[in-house]
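In: Next comes the sequence, and after it the predicted model I'd like to discuss.
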Amino acid sequence: MGALTTEHLLNIEDLNVEDIHTVLDTALSFKEVNERTIKKLPTLRGRTVINLFLEPSTRTRTSFEIAAKRLSADAINMSPAASATVKGESLVDTAKTLDAMDCDLLVIRHRYAGAPYIMSQNMRAHIINGGDGKHQHPTQALLDLFTIRERFGGFEGLKVGIVGDIAHSRVFGSLAPALKLLGASVTAIAPATLLPARPDLLGAGYIHDLDEVLGHLDVVYLLRIQKERIDQAPFPSLREYARLYGINRDRLGRMKKDAILMHPGPVNRGVELTFEAVDTAANLLLYQVNAGVAVRMALMYLLLGGDRDGTLA
Amino acid sequence: MGALTTEHLLNIEDLNVEDIHTVLDTALSFKEVNERTIKKLPTLRGRTVINLFLEPSTRTRTSFEIAAKRLSADAINMSPAASATVKGESLVDTAKTLDAMDCDLLVIRHRYAGAPYIMSQNMRAHIINGGDGKHQHPTQALLDLFTIRERFGGFEGLKVGIVGDIAHSRVFGSLAPALKLLGASVTAIAPATLLPARPDLLGAGYIHDLDEVLGHLDVVYLLRIQKERIDQAPFPSLREYARLYGINRDRLGRMKKDAILMHPGPVNRGVELTFEAVDTAANLLLYQVNAGVAVRMALMYLLLGGDRDGTLA
Amino acid sequence: MGALTTEHLLNIEDLNVEDIHTVLDTALSFKEVNERTIKKLPTLRGRTVINLFLEPSTRTRTSFEIAAKRLSADAINMSPAASATVKGESLVDTAKTLDAMDCDLLVIRHRYAGAPYIMSQNMRAHIINGGDGKHQHPTQALLDLFTIRERFGGFEGLKVGIVGDIAHSRVFGSLAPALKLLGASVTAIAPATLLPARPDLLGAGYIHDLDEVLGHLDVVYLLRIQKERIDQAPFPSLREYARLYGINRDRLGRMKKDAILMHPGPVNRGVELTFEAVDTAANLLLYQVNAGVAVRMALMYLLLGGDRDGTLA
């Protein structure tokens, strides 16, 4: 078969274990397609894919647009400037309008948690959450899972530490539950000010001291510090953050031999990672980006039922 | 045949009665195409369609872009931010530049009435007016006509009331003359402050009191109030406007049994229509949006002479 | 063969004489394609072309986008608003990210001289400089060369005067060395304030008085005055500039019989050229724009090795 048990990807919880492996397996095939000179499949010819990005984004929007075009879909971008939200149109009305234009698949990035759900309730299209507020970013989680699975062969028993602004991270919001579902153990590593008010409800272990666990981790996942919001940041300074939670030469030396560094990008060099540490991690960070296109192609393919044709490659 | 008697759609008056029915008939075929899984025809392969939108727009720009792509044209978007108008290039120079790039069809939205005409005088391309100032919006009129014809089977003898800011409405500017041409009777319904200075020159009857005619109308067409310009609005308040000209439960009850509500969207809920009335009208409002893509496909097809191939479906 | 000796077009100096003629010959074929009803070749199907324009532009960005689409490439636009540069991502990180998405060809316009070089050092993609700061704009030079060669049959012995803001012109930076390489003689014509500090290092002759050389020139190339920066302009007024360096009826009359006027566009009417002179020059200015699409198609085709298929037309 190959199809998923869900019609949408609103939250990572929409996928069960088998779904996740189906996405990752399919992405592996698309990754090979992307290495060809002619990176193009006719699979979604005549399908209308709309990328509605109501927050600025380069990587994610471009990644989705490339994914749609490589599958021969008609890809339409709608960005903040162009959006009718300037005329005060509600999200529900936007959903119904795009639905009336016979949109097949909508990718939405929005500053409000739950926006993708609203779209799914008001459209016939399949919906992919491209990041909603501080809530979830499930395609980021899937490309991270792809990367981890390729590196370790699976998830069972892996020790993953996720470091940084846990409280406001949509990356954490999708990645942590997925890793748990797949049998990895997840530890949130952050100062109290960057943990949610009730960290006991995180669904993951938590700890303040990175150095206490660093040597036991298989994956050290560094969340991005929102430098552009540093004025309201709940820590004294970037330098202080880097000293306590940044990866530098010393900490690199204390990691397990096969442990990997991950980051959703773009990295703040000198904050989450020193310049030296970025160089060490570079190949894997770019592997994540590369996997992102393949994972998004896989999701579009599987949600739009491309499997019926059986014409993946 | 199927071709039109005009090379451009600058004003609705460019189309005669037969032209209008040709557009609507062709749109009906494309509407069926849009209901398929594979919404794609090779008709305009290798044609260059430029969407030059110098006012913000979601619905209309997206509708045209989808239309062009479903016909396999190469669709290029040019928006205010990207536009060379920041370098002070005149509209004439923009026209000649795009012409030199062998543009086949230009869709233009511009805040100045007459901008599409200027383009048509300086380009070999076919021009479609996507809305020019307070002047005309002929593709909106055509999708409205499509909707009305599908509902009533024709136009002869229909009583249409158009309610709201008649003086500044490009929707009225295109729809009213078209309806008259097709044999419907049109009444402009607005306070004196929202009628032009010489309403006797409107080419339509006019009246201030909606309730006086409501029970006789087959179509109640509500123009959009520009809430974002409410500070200079020539009426006391939105609440006052809604009380006198908005459709609410009471007025719904006094409409003819088969009468329909129309609106060009997006609706200001609680102003032109109460939340309840929107729900009553919703299906038809979305039918208008849906018809919009099909009508725009039909225009592109007919203007670019796709009929020569006879390969519509 | 047909291929070029370079993998990138960062500077005009990347091309030798034979390369330049190969580009112009290939562009001539594409110019014919662009005159067809169906302006489309399958040559770059499945290739990913990214247009990264970090300065506002209409003509150049649209020209590249049309070129890519007519060759059937998947064309992705990235503009300032959408760009992750708002998140402080470095150019190097942007390069590596786009590389990881398997971009085949990147067109970059950037306000910093050397930005295209940085991209070429950090990507596997072919890079085309779409204009970098005050440094170079090699595709503009190539379309100018195309225009000159079509008009004069060659370059040997031609006398070319380039008039205006030599010091800050990326157009001059690419065009002057190319013309010299091809055997033309180039004179920079400008007041001392618009010449570089050491005009003796220009690689071209220079002179302050247009009228002294006007009657000897085969090509009078007028650079664009940046009116939007007029407040810091190093000359007293636009009127003064127009009087000394603008082409008017009198100067038109003193040009050689077969001499041509060229301008990269958009023209400031009344400054570089009077309204009357623009009309005289109009056909050629638009010929330049037209050649621009063909030249960009040729570059994409040649850099991406389309010649291997031998399926140009």
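Out: Structure's in. What do you need?
In: Please spell out which residues along the biggest helix by length in chain A are buried.
Out: If you go by DSSP state H, chain A has its longest helix at helix A:275-303. Buried residues in helix A:275-303, defined by neighbour count with 16 or more other CB atoms under 10 Å in any protein chain shown: A:277-278, A:281, A:284-303. Glycine gets a C-beta too; all of them are placed from N, C-alpha and C.
In: Repeat that for stretch A:260-276.
Out: Going by neighbour count (16+ other CB under 10 Å), the buried part of stretch A:260-276 is A:260-269, A:271-274.
In: Filter those residues to keep only those in contact with chain B.
Out: Of the residues in the buried residues of stretch A:260-276, proximity to chain B by CB under 8 Å from any CB of the partner chain holds for none.
In: a markdown table for those residues, including pLDDT, secondary structure and distance to residue B:174?
Out: Output for the buried residues of stretch A:260-276, formatted as a markdown table (pLDDT from 0 to 100; DSSP: H, G, I helix; E, B strand; the rest coil; distance: CB to CB, whole Å):
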| residue | pLDDT | secondary structure | distance to residue B:174 |
| --- | --- | --- | --- |
| A:260 | 96 | strand | 61 |
| A:261 | 97 | strand | 60 |
| A:262 | 97 | strand | 56 |
| A:263 | 96 | coil | 53 |
| A:264 | 95 | coil | 48 |
| A:265 | 91 | coil | 48 |
| A:266 | 89 | coil | 47 |
| A:267 | 90 | coil | 53 |
| A:268 | 91 | coil | 53 |
| A:269 | 89 | strand | 56 |
| A:271 | 94 | coil | 56 |
| A:272 | 96 | coil | 56 |
| A:273 | 95 | strand | 58 |
| A:274 | 95 | coil | 63 |
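In: Any part of the longest helix of chain A near chain B?
Out: No. Helix A:275-303 does not reach chain B (CB under 8 Å from any CB); its nearest approach is 13.5 Å.
In: does that helix come close to chain C?
Out: Yes. If you take CB under 8 Å from any CB as the test, helix A:275-303 does meet chain C, through A:282, A:286-287, A:289-290, A:292-293.
In: Can you pick out the most distant pair from those residues?
Out: Longest distance between any two of the residues of helix A:275-303 next to chain C is 18.0 Å, between A:282 and A:293; criterion CB to CB.
In: ok, back up a step: remind me what the longest helix of chain A packs against, helices and strands.
Out: For helix A:275-303, the packing partners by 3 or more CB pairs under 8 Å, 6 or more residues apart in numbering or on different chains; DSSP states H and E come out as helix A:17-34, helix A:59-70, strand A:126-132, helix A:138-152, helix A:249-254, strand A:260-262, helix C:91-100.
In: closest to residue C:238 out of the ones you listed?
Out: Using CB to CB, the helices and strands packed on helix A:275-303 put helix C:91-100 closest to residue C:238, at 34.9 Å.
In: What are the contacting residues of that closest one?
Out: Outside helix C:91-100, the residues that touch it by CB atoms under 8 Å, 6 or more residues apart in numbering or on different chains are A:58-59, A:62, A:265-267, A:282, A:286-287, A:289-290, C:50, C:52, C:83-85, C:89, C:106, C:110, C:112, C:115, C:118-119, C:121-125.
In: starting at the chain centroid, how far to it?
Out: Distance of helix C:91-100 from its chain centroid, counting by CA atoms, centre = their mean, to the nearest Å, is 25 Å.
In: got it, and stretch A:164-171?
Out: Here the centre of stretch A:164-171 is set off from its chain's centre by 12 Å, with CA atoms, centre = their mean.
In: Which residues does it contact?
Out: A:131-137, A:140-141, A:144, A:162, A:172, A:188-190, A:194-196, A:199, A:202, A:206, A:222-226, A:245, A:264, A:272.
In: quick one: buried residues of that stretch?
Out: Of all the residues in stretch A:164-171, those buried under the rule 16+ other CB under 10 Å are A:164-171.
In: ok and the residue in the stretch 101-250 of chain A nearest chain B?
Out: Residue of the stretch 101-250 of chain A nearest chain B, by CB to the nearest CB: residue A:102 (4.8 Å).
In: So that residue, which state does it fall into?
Out: Look at residue A:102: counting by DSSP: H, G, I helix; E, B strand; the rest coil, its state is coil.
In: what's around the residue nearest to it when sequence neighbours are not counted, how many residues?
Out: In space, and not counting its chain neighbours, residue A:102 is closest to residue B:34: 4.8 Å by CB to CB, 6 or more residues apart in numbering or on different chains. Neighbourhood size, residue B:34 [other CB atoms under 10 Å in any protein chain shown]: 19.
In: What distance do you get for residue B:34 to residue A:7?
Out: For residue B:34, the distance to residue A:7 equals 21 Å [CB to CB, to the nearest Å].
In: just residue A:196 next, same as before
Out: As judged by CB to CB, residue A:196 and residue A:7 stand 30 Å apart.
In: cool, and residue A:158?
Out: Where residue A:7 is concerned, residue A:158 sits at a distance of 30 Å (CB to CB).
In: Tell me which of those two has more neighbours.
Out: Each of residue A:158 and residue A:7 has its neighbours counted (other CB under 10 Å); residue A:158 has more, 19 against 15.
In: Quick check, pLDDT for the more buried one.
Out: pLDDT, residue A:158: 98.
In: Now do stretch A:296-309: distance to the chain's middle.
Out: 18 Å.
In: low-confidence ranges in chain A?
Out: Along chain A, the parts satisfying pLDDT under 70 run over A:1-2, A:80-89, A:228-235, A:306-313.
In: center of it, which residue is that?
Out: Centroid check for chain A by CA atoms, centre = their mean gives residue A:140 as the closest residue, at 1.0 Å.
In: any idea how far residue A:260 is from residue A:168?
Out: Distance, residue A:168 to residue A:260, using CB to CB: 24 Å.
In: swap in residue A:105?
Out: Going from residue A:105 to residue A:260 by CB to CB gives 32 Å.
In: Excluding chain neighbours, what is closest to residue A:24?
Out: Once flanking residues are discounted, residue A:24 sits nearest to residue A:146: 5.1 Å by CB to CB, 6+ apart.
In: Give me the neighbour count for residue A:202.
Out: Neighbour number of residue A:202 under other CB under 10 Å is 18.
In: need the residues of the stretch 1-150 of chain A near chain C, please.
Out: Proximity of the stretch 1-150 of chain A to chain C, by CB under 8 Å from any CB, involves residues A:34-40, A:53, A:56-59, A:61-63, A:65-66, A:69-70, A:79-81.
In: From the residues you listed, list just the buried residues.
Out: By 16+ other CB under 10 Å, these give A:34, A:39-40, A:53, A:56-59, A:61-63, A:65-66, A:69-70, A:79 as buried.
In: In the stretch 51-200 of chain A, which residue sits closest to chain C?
Out: Relative to chain C, the nearest point of the stretch 51-200 of chain A is residue A:58 (3.6 Å; CB to the nearest CB).
In: follow-up on the earlier one: quick one: which of the buried ones among the residues of the stretch 1-150 of chain A next to chain C is nearest to residue A:252?
Out: Nearest to residue A:252 among these is residue A:59, at 25.1 Å by CB to CB.
In: Which residues are in contact with the closest one?
Out: Contacts of residue A:59 (CB under 8 Å, 6+ apart): A:265-266, A:289, A:292, C:84, C:97.
In: what's the farthest-apart pair in the buried ones among the residues of the stretch 1-150 of chain A next to chain C?
Out: Farthest pair in these, by CB to CB: A:40 and A:56, 28.4 Å.
In: ok, the residue lying closest to residue A:123 once chain neighbours are set aside to residue A:135 distance?
Out: Nearest non-adjacent residue to residue A:123, counting by CB to CB, 6+ apart: residue A:99, 4.1 Å away. Distance of residue A:99 to residue A:135, given as CB to CB: 23 Å.
In: Compare neighbour counts for these two and give me the winner.
Out: Neighbour tally, residue A:99 and residue A:135, criterion other CB under 10 Å: the higher count belongs to residue A:135, 21 against 18.
In: The more buried one: what's it in contact with?
Out: Counting by CB under 8 Å, 6+ apart, residue A:135 makes contact with A:11, A:113-114, A:170, A:173.
In: who wins for neighbours among these?
Out: residue A:173 leads the contacts of residue A:135 on contacts (other CB under 10 Å) with 23 neighbours.
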